[in-house]
Each structure stands twice: as C-alpha cells, then as structure tokens.
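Q: sharing a model prediction with you, sequence too.
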Amino acid sequence: MKSHIEIQLIEKSKIDSVDFNNLPFGSVFSDHMLEIDFKDGAWQTPIIKPYSPITLDPSAKIFHYGQSIFEGMKAYKDAEGKMMLFRPLENCRRLNKSAERLVIPQIPEDVFMDGLKKLLEVDSDWIPTNEGSSLYIRPFMFATGNGFHASPANAYKLVICTAPSGAYFAGKVKVLIEEKYARAANGGVGFAKAGGNYAAQFYPTQLAIEKGYNQVIWTDDNSHQFIEEAGAMNIFVRINDTLITSPTSDRILDGITRKSILQIAEDAGIKTEVRKISVGEVVEAAKNGNLKEMFGAGTAAVISPIAGFGYQENDYDLPELENPFASQLKKKITDIQTNKVEDPYGWRVFL
Ligand code: PLP
Ligand code: COI
C-alpha cells in the first residue's frame, strides 16, 4: 500500500551553486528532506519539505539521554539516467534493529521505502553521475518527546536528508590499532547505529589523529587482542591469498558492504574466512611479509585501502600491490551499484 505523502516544494533550487565536479563528503545538502513524526502512539503523515532547521524543546530527550539512531545509504544514476539504490531494505531493517535496542518505535518498511523513493524522485537532479560520486542518504530517528525523567520519550521524528558526495577519505588510510579504549562491549549497543557509538569514538580517534593516523581500529573491550572494526567501516585483512574479516557480534556493526564483499569475493574464487583475527597474527604477518592488504568496507568508505597501521608505538607499512583485492572488489561492487554490469544477486533497486 502506498502511504499518503504531503509534499511542500522549495521555491528556488540551490543546485546551480553546487560544483558537482568537486563534491566533499556529506556537507552539501539537497533541496528537500523527508520528515515523519511519531506521536500519540502512531506515525503521522510523511512530509517532504525544503531542507531546513528542526526546532525542538530544550528538554527533548535526544539532548539528555541520546535516544538517536541513523543509517547510511547511497543512490546512484547510470549513464542513461536510471536511478537506483543498493540493498535499501537492509538499511531499513537495520534501522529497526537499532530502534528496538534504543526503545524507538519501529518504522514500517513500506512507509520508509515509499517516503525515501518519493524524496529521491523530487530531488533526482541531485544524484551525481560523476565517477566516484553518489547521493549519500542519511535517515535518522530521534526522541523529540520531552522531560528530564530518564526513560524513553513519547514522541520521535524520522528524518531523511541527502547529500551529493564524493569520497569519504581523501587518500589511503593510516590506522592505529587501539589498546586502551573500546568502542563497544558485550551486551551494549555496538551492533546498533546509535549516535552515541560515534560520539564515544571521537576522543580516542582525536588522540590517534594527533599521532598521525586517520582512524582507529577497535579491538575487543575485554582483551584488546582481537580486531573488531573501524569507526566508520568493517575491516578486511588479507594474509597471503586469504581474505579475512571478523564475525559480527553485538559489538560490531553488521555492515551491508561487508556482507556484499564477502559474497562477491567468494564468487570470484577468492578464499575468504570469517573468524576472529588476533592483533598478534596481523603484526606477525606484517613482519614476515605475509600481510598483503588491509582495507575498510562501508557505504561511505566504499572500499578504503589501508596504507599502514600503528601498534604499540611501532608502525607497519603494507606493500603496494599490482592488482590488489581491494581494487578488484571495489570495481565489482561499484559496477553493480551503478548498473555497469549484471547484478546476479538482485541487490539493485531501481526507482
Ligand atoms: N561499521 C561502522 C561502525 C559503521 O558506521 C559503518 C557504516 O555504516 C560500517 C561498519 C559499514 O556498514 P555498511 O556497509 O552497512 O555501510
Ligand atoms: C556510512 O558508511 O554510511 C556510515 O554511516 C558511516 C558514517 C560514520 C559516515
């Protein structure tokens, strides 16, 4: 069933002021946004309206207790102007998984999908066609209901806004393997895309940046002996010809790029393993030349090769390979996402 959507169009588009050949990541915003309020126990009529500030009560619970979750997805346009999304229902389902953990109401999948598709139809001119660019989509839900009582709010808002975007990282990434701080703990909210997970990363990441790294690779909170994921992406390690990634858990985000890459790699005949990766084995492999590649995988990051890592005051460089798995897999996944090749998996959803 198609939900009714109220549409309030902008008077004058700002698209002419945007340089689509030099797009930053996530800081230029399209003309419209979608807003759906939850109040009196029900989701209200979705509204598409000009991208504009949101006014909230100072005692709204989002400010005090951080009831806030988000998603990250992308829309693409092919050479003929056909528009598509990549596995969008996975994002909607993960949003609802995060919502359950943060006691935020579930958004019905058809309401989410209909609203998103309509928003993209209205702002279709904002979907970039340049190589390496796409329309980054940011759905988020948060507590608008107020009061200082530390309990779930009685009102929420789902907003989707979009940003034509280029690459998340400017170049190769240098990471620091974390030994002290933890991103998530057993029984916590690590698997959810809760805003607080990201806020909690900022301080250790700032310390890493001061030492010359771009990102932290989180290790398990208990022993700090096993690699988990990075701040905005899942991590793959290539030891000789085997591609390894950690299993997801309630501490690690179940990345859509991660599982797509695993599938593509297996189908391309690359040996993959999903298992715990000890920091010791990565350091050892780096020392004896068996560590061939490391890369991050995520919607924003796509596939971001890692140039080297730091651990216990030592730096380890990764080799420059002729045709690394990272490049092969990035080409395969982006070709599927942008309709350049067949999609044997049914991952593309045309608008
Ligand atoms: N891990 C974290 C912490 C993330 O924020 C993201 C980004 O969404 C990912 C992994 C990758 O997930 P996905 O591929 O679904 O974007
Ligand atoms: C994404 O990849 O979509 C994310 O949500 C990561 C974000 C921190 C930029």
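A: Looks like it arrived, so ask away. Ligands and ions are numbered 1, 2, ... in the order given.
Q: for stretch 125-138, list every residue counted as buried.
A: Residues of stretch 125-138 classed as buried: 126-128, 133-138 (neighbour count, 16 or more other Cβ atoms under 10 Å). Bear in mind the C-beta positions are built from the backbone N, C-alpha and C, glycine included.
Q: could you measure the most far-flung residue of the chain relative to its centre against residue 217, distance?
A: Most distant residue from the mean C-alpha position of the chain: residue 288, 33.4 Å away (Cα atoms, centre = their mean). From residue 288 across to residue 217, the span is 20 Å (Cβ to Cβ, to the nearest Å).
Q: just residue 332 next, same as before
A: 24 Å.
Q: swap in residue 160?
A: Taken as Cβ to Cβ, the span from residue 160 to residue 217 is 30 Å.
Q: quick one, which of these two is more surrounded?
A: Remark: of residue 160 and residue 217, residue 217 carries more neighbours, 27 against 23, as counted by other Cβ atoms under 10 Å.
Q: let me see the contact set for that one.
A: 175-178, 227-230, 235, 309 (Cβ atoms under 8 Å, 6 or more residues apart in numbering).
Q: that one in helix, strand or coil?
A: strand (DSSP: H, G, I helix; E, B strand; the rest coil).
Q: what residues are bridge-paired with it?
A: For residue 217, the beta-bridge partners under DSSP bridges are residue 177, residue 230.
Q: excluding chain neighbours, what is closest to the residue of the chain found nearest ligand 2?
A: Closest residue of the chain to ligand 2, Cβ to the nearest ligand atom: residue 72 (1.8 Å). Excluding the flanking residues, the one nearest residue 72 by Cβ to Cβ, 6 or more residues apart in numbering is residue 299, at 4.5 Å.
Q: next up, the contacts around that neighbour.
A: If you count contacts by Cβ under 8 Å, 6+ apart, then residue 299 has 72-74, 136, 256-257 around it.
Q: can you select the buried ones among the residues you listed for me in ChimeraX?
A: Those of the contacts of residue 299 that count as buried under 16+ other Cβ under 10 Å are selected in ChimeraX with:
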select :72,73,74,136,256,257
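Q: in strands only, show me the contacts of residue 299.
A: Among those, the members falling in strands are 73-74, 136 (criterion: DSSP state E).
Q: which of those residues sits closest to residue 10?
A: Of all the ones in strands among the contacts of residue 299, residue 10 sits closest to residue 136, with 19.5 Å by Cβ to Cβ.
Q: the nearest residue to that closest one once chain neighbours are set aside pairs with what?
A: Leaving out its chain neighbours, the residue that sits closest to residue 136 by Cβ to Cβ, 6+ apart is residue 165, at 4.1 Å. Note on residue 165: beta-bridge partners by DSSP bridges are residue 134.
Q: what about residue 165, distance to residue 327?
A: Taken as Cβ to Cβ, the span from residue 165 to residue 327 is 21 Å.
Q: who has more neighbours, these two?
A: For residue 165 and residue 327, the more surrounded residue by other Cβ under 10 Å is residue 165, and the numbers stand at 21 against 15.
Q: surely the more buried one touches residue 30?
A: No. Contact criterion Cβ atoms under 8 Å: residue 165 and residue 30 do not qualify, at 10.6 Å.
Q: just the closest residue of the stretch 1-150 of the chain to ligand 1, please.
A: For the stretch 1-150 of the chain, Cβ to the nearest ligand atom, closest residue to ligand 1: residue 72, 4.5 Å.
Q: quick one, what contacts that residue?
A: 91, 136-138, 193, 298-300.
Q: do residue 143 as well
A: By Cβ under 8 Å, 6+ apart, the neighbours of residue 143 are 60-62, 65, 67-68, 104, 152-153, 155-156.
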